[in-house]
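Student: I need the structure of the sequence given here:
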Amino acid sequence: MKLTPWMLAVAAFLIIAVLAVGFLFKRLFAVEPVVQPEVERRNVPMALSDIEPGTRIDASFIGDGPAILSELPPDTVLSSEGVIGRIARNKIEFAKPLQLSDFYPFGEGPEIELALGNRLVSVDVGNRTGLVSGFVKRGNYVDVLMTVEGSDGSATAAGDAMTLQLFDGVKVFAVNGNNTSVNAEQNEITLELTPQQQKVMVLAKEKGKISLSYNPDGPGNGGLSIQTSKSDRVLLSEILGIEQTEKDEKPFVTEQYRNGSHRNAYYDEDGRAVNGGTGDFGGRDAGGAPLQGNNGFGLNSTSIDPPAAEQQTQQVSSASGISY
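Tutor: Model (predicted):
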């Protein structure tokens, strides 16, 4: 079919008519747009992660985030200074605005709840290694080990270093007080112990180095792990494969009196002088000093018999009733 001018005119008219009708319908059914009211917001302190009850809050736990002011409870914390140092009363969820009701007042905390008869003892465990690199937390159960450094004054045989297990499966009540963070250099852990365990713990922390190992089995038997067998301890000599005698030979001791002074001298089984002399000759010095000599302190005689001059003096003194 061939398009003619009148057909083009009719098509243009129809298009204009349709547009006009559509515009009229749009005007008839149009709805006024709803203008959303402006919401007032402000930044308030929020938890950067879930905070467990009993946690002491520090600045690293808190950040600021936007919140709708009209939806905030009346006791909302508006400044982080109002909660730093306080202890959480409830579990605080991540990104939730902080409320004063979620915390104990400054200087207060939860009531101490212990098993009947148990006690709390705090002990230094050194750096993060003593806390299993910081994985040990409140409520975990741990084994407690004590290490004694080897020395001449050591309680172990021949001054050998030793590690022994004191308790198994004791509960961690707190780490660094109520603060859950672990320090790189020094940490303090509070353990829930029985009366028998607390006495051992107090002595052990004074005489040795305390370490912990995580115990996934939970509570132990509540007693001591120290046994008469060697299964609860290890000596450095055993690790190195060095044999130790069952009992060290004690040195031979002599009591020496000279010019009104007294001392003890020590000799080994071969008759050689060993350290350990004590008395009035200047405190602790080498044993085996001779009994006699020039001016009473000579070094050229080891005879236990006094010289003739002293024998005469002793006889005269005995006759006069004077003894030395």
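
Student: The stretch 1-150 of the chain: strands as residue ranges?
Tutor: In chain order, the stretch 1-150 of the chain shows strands spanning 41-47, 62-68, 119-126, 141-148, with DSSP state E, counting those that start in this stretch as the criterion.

Student: Point out the most buried one among these.
Tutor: Ranked by mean neighbour count under mean count of other Cβ atoms under 10 Å, the strands of the stretch 1-150 of the chain are led by strand 141-148, which reaches a mean of 20. Heads up, the C-betas are built off the backbone N, CA and C, glycines and all.

Student: which outside residues touch that strand?
Tutor: The contact list for strand 141-148 (Cβ atoms under 8 Å, 6 or more residues apart in numbering) reads 136, 154-156, 161-172, 191, 201, 204, 207-220, 225.

Student: could you check the angle strand 119-126 makes with it?
Tutor: Relative orientation of strand 141-148 and strand 119-126, computed by axes from the mean of the first three to the mean of the last three Cα atoms, to 10 degrees: 60 degrees.

Student: Parallel or antiparallel, which strands does strand 141-148 pair with?
Tutor: Applying DSSP bridges to the sheet, strand 141-148 is found paired with strand 162-175 (antiparallel), strand 209-214 (antiparallel).

Student: So which bits of the last one are buried?
Tutor: The reference is to strand 209-214. Buried residues in strand 209-214, counting neighbours by 16 or more other Cβ atoms under 10 Å, are found at 209-212.

Student: rewinding a little: dump the strands of the stretch 1-150 of the chain to a markdown table, plus mean pLDDT and distance to residue 16.
Tutor: As requested, the strands of the stretch 1-150 of the chain are exported to a markdown table (pLDDT from 0 to 100; distance: least, Cβ to Cβ, whole Å):
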| stretch | mean pLDDT | distance to residue 16 |
| --- | --- | --- |
| strand 41-47 | 91 | 50 |
| strand 62-68 | 90 | 50 |
| strand 119-126 | 87 | 90 |
| strand 141-148 | 90 | 87 |
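
Student: report the longest helix in this protein, please.
Tutor: Criterion DSSP state H: the longest helix present in the chain is helix 5-29.

Student: And the buried residues of strand 209-214, which is closest to residue 266?
Tutor: Ranked by distance to residue 266 (Cβ to Cβ), the buried residues of strand 209-214 are led by residue 209 at 30.4 Å.

Student: which residues does that closest one form a beta bridge with?
Tutor: residue 147.

Student: try residue 99
Tutor: In this structure, residue 99 bridges to residue 76 when assessed by DSSP bridges.
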